[in-house]
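S.K.: Provided below for reference: sequence and predicted model.
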Amino acid sequence: MSNYQSSLSGDFAMSNGHASHKTSTVVDMPKNNLPFVDTMQTNNTSKKSSENSDNNGDENEERGNWGNKMDFILSSVGFAVGLGNVWRFPYLCYKNGGGAFLVPYVIMLFAAGLPLFGLELGFGQYVSKGCVGVWDLAPLFKGLGWAMVIISGMVVIYYNMIIAYIFFYFFASFNKVVPWSTCGNEWNTEFCEVSTKSNSTLIYNTSESNATVTTVTRPAEEFWLNYALGRSEGLHDMGTIRWQLLLCLLLAWIVVFLCLIKGIKSVGKVVYFTATFPYIVLFILLIRGLTLPGAMNGIYFYIVPRFDQLGNPTVWKDAAVQVFYSLGPAWGSLHTLASYNKFHNNFHRDGITVGLINCGTSVFAGFVIFAVIGFMSHDSGMPIEDVAAGGSGLAFVAYPEAIARMPGSVFWALLFFFMLLTLGLDSMFCNLETVVTAIVDELKPVYPNIYQKKTYVTGICCVVFFILGLPMTTNGGFYMLTLMDEYSAGFSIILISMGETLVISYVYGIENFMRDMMVMLKFKMNIYWKICWMAISPSVMFFVFIFFGVGYKGLTLDDYKYPPWAEFLGWGMVIAALLPVPGYMIYFLYYKAHGTTWKERFFYSLEATDSWGPALNKHRAEANYPLIADESKAGIASNGFNKLSSVDEQWQPPPKMMSNGTTSPGYAALANGDYEMRNGDYNNINDSYHKKEPVVSEHDSVTLSRDMPLSCNSESSI
């Protein structure tokens, strides 16, 4: 861009009875100049400080930033690409029309997945806050952020238990032969049978209702149920804690804590391995799978299109759900990851890149899985549809059994389960960091040095979640895990996600949001994003929610049907996640909102608070927001701000509203990153158009009406 035009129409509506004051200023600015600030010659020290902070160090030293751009990209890939890409997508693809399933999958990706992914990345990056702090945009809906935190909290409890299972299998693989390859072990029953072509009819009939053969089981299944889980008869019979699982769970939490001990700085380095290693293993497993007999039959079964399935609405629902849960909007993790970006990071490009990588990984993993499944079908004589499975059945029964049939099975088992570990840990890091970041962000006003104590907060969270996960180490623990997996992040995620898009589009205003994004990106996002955020994405989520409600059936696990009290417990998890939304609305309206009537309080609560906007004053000036008075001295200095442009005076904070209604002396942000002393209504240097922006107290409501958005010469291509 050679130049751009910025405008601000400030409509300051004081809900406590003050008269409204409206100003409107339009300024043509040359490239690299900030709106509403003077351009002054600055000293070389200030320039050098600004360059170093933007390019080589943290832009926000107090809160921290990613070490470099790849830290964020790999962390986002690690979060989006998880266990579901390997053990859920391939099964859904085969079940819902093979290659034809890619049609609804890609449509749902561009209709809901990418728009929501991009929205949350931009949302978190703009204000440099987690999923709770971002809702200064419309404080009445801050409960949406707390709902995301609760969901992430519930998920990490059972998700780390899955990682504990993977650790269990990983350690069990250190044998001469993998222990689930044979019968005759202490955990096996008299019904255990290793399937071969000679007895394939018997094994095949295990899925039928013929009572004479229903008791035949496979060694991998008995290892999983009888030895790994020691599974009881139901949720009513929790049994005792299994010490092997307890130690594996403890190890899982220790690993997570150590990787998060320095927050994003440590995670940003760990993901260089955990986010890339799975691709290396998948490629190795694919090459190995293709050399096995029957592999091409499995791949053909996976990709052959059955277009008649596209008329089934369940196929479209499964596609939407897979895209939705794989990319992970409404969990709060995307806000959190993006909040550590530098202000002008191109989240638009990053979102598209990560979304397409996630989609491609799912498809690629399908070839890896079904090549081995085809081999197992060939070796055992069982039909592929009886071998194929999804979820834990694939990760802990079907695929391990296929590996057991390979030469060098121990090596392949270690490689496979180590890959699952890296996939699971990435997602675990992001979900736990979401909870921790939300806590420290909200405690910041009360404990100013909380960021320095973040390690302690992380440790406390790990201990609490470990204790809450102990019931899942018992004999009945897998029933509890399945219950939490089904209810903790199902209905609630869809409603929260739909509410997020509607609040941003219609309460805050889609034009305001698009303009905010333009300030960061330096170009205007395509209308595709606007249409999706306003209409298409909420409609897709509404469709999925209705389908969930209409097609709801009681929860089952194999032949076990959960009792009504267990389902009641599950719905309690849904309510627990959603309760903060109306709860915080009531709290804010009653205790926080200002106004003499409930109507005034309501409209006050819909307006962005005075803390909404970029975290640093140099970016607030760029985006036409009033400077904040609570930016610390260290924080300003670290971002290239010279406290005084030309005089050696002691630093003072920006202007504050005094008790008598007047403002204290403060400083105006300059284009070169300096501050200039200002005491009057106009700056001293060029008062022809630099009118000082009003600064209000925390009790006043500020609405920045930006009816004349920035006009740019470039526009995004998508």
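M.R.: Great, that's in hand.

S.K.: make it CA atoms for all contacts and neighbour counts henceforth
M.R.: OK.

S.K.: just for this protein, where's the confidence low?
M.R.: Counting by pLDDT under 70, the chain contains low-confidence residues at 1-57, 195-215, 388-390, 630-718.

S.K.: what residue lies at the spatial centre of it?
M.R.: residue 333 (2.9 Å; C-alpha atoms, centre = their mean).

S.K.: skipping adjacent residues, who's closest to residue 444 in space?
M.R.: Using C-alpha to C-alpha, 6 or more residues apart in numbering and skipping the chain neighbours, the partner closest in space to residue 444 is residue 450 (5.9 Å).

S.K.: give me the number of residues near the one you found?
M.R.: The number of residues packed near residue 450 is 20, by other C-alpha atoms under 10 Å.

S.K.: wait, it sits on residue 443?
M.R.: Yes. Between residue 450 and residue 443 there is a contact at 6.9 Å, judged by C-alpha atoms under 8 Å.

S.K.: who's in contact with residue 489?
M.R.: Residue 489 makes contact with 151, 155, 574, according to C-alpha atoms under 8 Å, 6 or more residues apart in numbering.

S.K.: what is the nearest of those residues to residue 505?
M.R.: Proximity of the contacts of residue 489 to residue 505 (C-alpha to C-alpha) peaks at residue 151, which lies at 23.5 Å.

S.K.: which strand or helix spans the closest one?
M.R.: Per DSSP states H and E, residue 151 falls inside helix 143-172.

S.K.: elements contacting that helix?
M.R.: helix 243-259, helix 409-443, helix 454-468, helix 477-487, helix 491-502, helix 564-578, helix 580-587 (3 or more C-alpha pairs under 8 Å, 6 or more residues apart in numbering; DSSP states H and E).

S.K.: quick check: which of those helices is buried the most?
M.R.: helix 409-443 (a mean of 23; mean count of other C-alpha atoms under 10 Å).

S.K.: now do it: distance to the chain's middle.
M.R.: Distance of helix 409-443 from the chain centroid (C-alpha atoms, centre = their mean, to the nearest Å) equals 13 Å.

S.K.: got the end-to-end distance for stretch 435-450?
M.R.: This stretch, stretch 435-450, spans 14 Å end to end (C-alpha to C-alpha, to the nearest Å).

S.K.: which residues are contacting that stretch?
M.R.: 129-133, 149-150, 152-153, 336, 451, 454, 457-458, 461.

S.K.: one step back: let me know the closest of the contacts of residue 489 to residue 400.
M.R.: Using C-alpha to C-alpha, the contacts of residue 489 come closest to residue 400 at residue 155, 25.3 Å.

S.K.: residues contacting the residue nearest to that closest one when sequence neighbours are not counted?
M.R.: Leaving aside its chain neighbours, residue 155 sits nearest to residue 488 (6.9 Å; criterion: C-alpha to C-alpha, 6+ apart). Contacts for residue 488 (C-alpha under 8 Å, 6+ apart) come out as 151, 154-155, 570, 573-574, 577.

S.K.: and residue 557, its phi and psi?
M.R.: phi -140, psi 110 (degrees, to the nearest 10).

S.K.: what's around it, how many residues?
M.R.: 12.

S.K.: same check, this time on residue 85
M.R.: That count, for residue 85 with other C-alpha under 10 Å as the rule, works out to 25.

S.K.: helix or strand: which one has it?
M.R.: Assigned by DSSP H and E, residue 85 falls in helix 83-87.

S.K.: residue 628 belongs to a strand?
M.R.: No. Residue 628: not assigned to a strand; according to DSSP: H, G, I helix; E, B strand; the rest coil it is coil.

S.K.: pretty sure it sits against residue 618.
M.R.: No. Using C-alpha under 8 Å, residue 628 is not in contact with residue 618, being 10.3 Å away.

S.K.: quick one on the thing from earlier: what distance do you get for the residue nearest to the centre of the chain to residue 152?
M.R.: 8 Å.

S.K.: intersection of neighbour lists for those two?
M.R.: 431, 434.

S.K.: list the contacts for residue 307?
M.R.: Residue 307 neighbours (C-alpha under 8 Å, 6+ apart): 97, 100.

S.K.: and it, backbone torsions?
M.R.: Per degrees, to the nearest 10, the backbone of residue 307 is at phi -70, psi -20.

S.K.: quick check: phi and psi at residue 561.
M.R.: Per degrees, to the nearest 10, the backbone of residue 561 is at phi -100, psi 120.

S.K.: which residues touch it?
M.R.: Neighbours of residue 561 in contact, by C-alpha under 8 Å, 6+ apart: 554-555.

S.K.: if I look at it, how far off is residue 485?
M.R.: In terms of C-alpha to C-alpha, residue 561 sits 16 Å off from residue 485.
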